[in-house]
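S.K.: Kindly generate the corresponding structure for this input.
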Amino acid sequence: MEDEDERVDSIVLASRLAAVGYDVVCRRALGAGQSSGPSTAPGACFRLLQYEFLVVKCTKGDFEGLELFVDPYFREQFQIPHPTEHYAKLLESVPEVYVGSRVHLIAIVELLCAEVSRDVGWRVISSLK
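M.R.: Predicted coordinates for the structure are as follows:
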């Protein structure tokens with residue numbers, strides 16, 4: 001992990017990409033907020049997830065029109081305390097930095113959310129016994 005002083009701010013990264021000709025939008029993902037379910041329900045850890053990412057559109061050359069999602073801290077969005085061995089190994093395979101299409105991003109996020117829900121769900125069930 002990087003030191004806080006070394007982290008690249010999303011706005012700075014967006015400015016640098018725009019300066020070399022990319023069309024960049026900085027977006028903030030907001031979780032679903034509070035729900036009526038218990039905070040230990042599967043997937044509850046993502047309800048308050050808030051983070052910034054970039055949408056970068058290539059404006060010239062062979063990749064003109066291509067839209068890429070860029071998250072310089074992608075893996076850390078899915079870190080949870082005391083993960084199972086399976087989830088920890090899965091998380092190791094997730095890129096630290098995500099640069100790719102919306103379709104691939106959704107697939108990765110859905111997989112990770114399903115796995116963390118299974119991990120958290122197992123913990124909830126075992127604590128009720």
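
S.K.: What segments of this protein are helices?
M.R.: 10-19, 85-92, 102-128 (DSSP state H).

S.K.: what's the closest of the ones you listed to Arg27?
M.R.: Minimum separation from Arg27 across the helices of the chain (C-beta to C-beta) falls at helix 10-19, 8.9 Å. C-beta: built from backbone N, CA, C; applies to glycine.

S.K.: Which positions within that closest one qualify as buried?
M.R.: Ser10, Leu13, Ala14, Leu17 (16 or more other C-beta atoms under 10 Å).

S.K.: Specify which member of those residues is nearest to Val55.
M.R.: The closest of the buried residues of helix 10-19, once distances to Val55 are taken by C-beta to C-beta, is Ala14, at 9.5 Å.

S.K.: do you know how far that closest one is from Gly100?
M.R.: With distances taken as C-beta to C-beta, to the nearest Å, Ala14 is found 17 Å from Gly100.

S.K.: sorry, back to before: which one of the helices of the chain lies closest to Arg28?
M.R.: Once the helices of the chain are compared by C-beta to C-beta, helix 10-19 is nearest, at 8.9 Å.
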